[in-house]
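Engineer: sequence unknown, structure follows:
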């Protein structure tokens with residue numbers, strides 16, 4: 001069936017106003033016209049949408065279901081019309097980066113994208129790399145043990161410790177096995193002849209930083225990406241300096257227009273050490 005959008009708008013107003021007369025005022029029409037629209041819509045649906053009660057209108061279960069769907073339809077229509085009037089559609093950028101990179105660096109990416117819609121995916125670098133390979137992501141910032149063939153730029157960044165420890169061996173909060181940061185921490189400790197144990201393993205930074213704030217673990221972050229309340233340090237008692245790690249900008253062979261624009265800006269940012 002094809003339902004006139006005017007009927008849906010009138011129905012939404014009746015639902016929200018709880019009265020045909022108040023809905024008619026909002027729609028700048030007569031009460032008789034509003035009643036006719038309701039009758040036409042109920043005929044199309046094949047079921048009553050309201051029950052008459054002393055206080056006005058009470059929505060039936062079918063009416064409540066239609067209301068939720070009508071809001072989505074009207075919103076999509078209004079958005080489409082608005083975009084058509086301003087000339088063109090909103091471009092969407094599918095961007096991926098680990099959540100700690102997003103915490104520290106996303107602000108450097110967003111300026112200049114005011115007319116675009118950014119769909120940000122925060123995940124482990126290996127998963128983000130797979131997203132680029134499958135075409136699910138336009139661009140991603142990742143740290144991997146080996147340079148991926150899709151890398152279009154690279155920069156080495158310093159790692160800093162976050163948190164302090166008096167325990168021996170050091171207790172670590174880290175991403176799952178395979179994380180380059182985790183390997184850097186354990187490798188530096190072992191090279192210095194220091195032991196370590198795992199206090200917490202998490203796939204996101206919220207759990208890791210919670211353990212650090214609780215004073216039960218230390219972790220490593222790319223320089224400048226720690227939360228404001230957690231100071232970074234190069235080394236500390238029982239915590240040797242950490243090696244640098246690579247950050248790769250990866251992209252598919254033929255990126256979309258919006259992705260090319262952001263890709264060029266990210267390459268420049270990496271080369272100029274603006275992160």
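Structural biologist: Received it, and whenever you're ready, just let me know what you need. Just so you know, these numbers come straight off a predicted model, no measurement behind them.

Engineer: So residue 268 belongs to a helix, correct?
Structural biologist: Yes - checked against DSSP: H, G, I helix; E, B strand; the rest coil, residue 268 lies within a helix.

Engineer: thought residue 153 was touching residue 266?
Structural biologist: Yes - using Cβ atoms under 8 Å, residue 153 is in contact with residue 266, at 6.9 Å. To be clear about C-beta, it is placed using only N, CA and C from the backbone, and glycine gets the same treatment.

Engineer: hey, what's in contact with both of those two?
Structural biologist: Both residue 153 and residue 266 are in contact with residue 249, where contact means Cβ atoms under 8 Å, 6 or more residues apart in numbering.

Engineer: the more surrounded of those two?
Structural biologist: Set side by side, residue 153 and residue 266 show more neighbours around residue 266, with 23 against 18, by other Cβ atoms under 10 Å.

Engineer: Now do the contacts for the closest residue to the more buried one other than its chain neighbours.
Structural biologist: Distances taken as Cβ to Cβ, 6 or more residues apart in numbering put residue 249 closest to residue 266, at 5.3 Å, once the chain neighbours are dropped. Counting by Cβ under 8 Å, 6+ apart, residue 249 touches 139-141, 151-154, 263, 266-267, 270.

Engineer: Identify the residues contacting the residue most central in space within the chain.
Structural biologist: Against the mean C-alpha coordinate of the chain, by Cα atoms, centre = their mean, the closest residue is residue 120 at 3.8 Å. Taking Cβ under 8 Å, 6+ apart, we find residue 120 in contact with 95-97, 102, 106.

Engineer: Sitting in helices, which of these do you find?
Structural biologist: Using DSSP state H, the subset of the contacts of residue 120 located in helices is 102, 106.

Engineer: What remains of the contacts of residue 120 if I keep only buried residues?
Structural biologist: The neighbour count (16 or more other Cβ atoms under 10 Å) marks 95-97, 102, 106 as buried among these.

Engineer: And the furthest pair within the residues you listed?
Structural biologist: Longest distance between any two of these is 11.3 Å, between 96 and 106; criterion Cβ to Cβ.

Engineer: Angles on the backbone of the nearest residue to residue 206 once chain neighbours are set aside, please.
Structural biologist: Of all residues not flanking residue 206 in the chain, residue 99 sits nearest, at 7.8 Å (Cβ to Cβ, 6+ apart). As for residue 99, its main-chain torsions (degrees, to the nearest 10) stand at phi -70, psi -30.

Engineer: is it true that residue 99 touches residue 124?
Structural biologist: No - assessed by Cβ under 8 Å, residue 99 is found out of contact with residue 124, at 9.5 Å.

Engineer: quick one: low-confidence parts of this protein?
Structural biologist: Applying pLDDT under 70 to the chain picks out residues 1, 83-90, 112-115, 165-167, 273-275.

Engineer: tell me which element the residue in it sticking out farthest from the centre is part of?
Structural biologist: Distance from the C-alpha centroid of the chain, by Cα atoms, centre = their mean, peaks at residue 32 (47.5 Å). Assigned by DSSP states H and E, residue 32 belongs to helix 31-45.

Engineer: Secondary structure class of residue 120, three-state.
Structural biologist: The three-state assignment at residue 120 reads strand, by three-state DSSP.

Engineer: do you know how far it is from residue 159?
Structural biologist: Counting by Cβ to Cβ, to the nearest Å, the separation of residue 120 from residue 159 is 23 Å.
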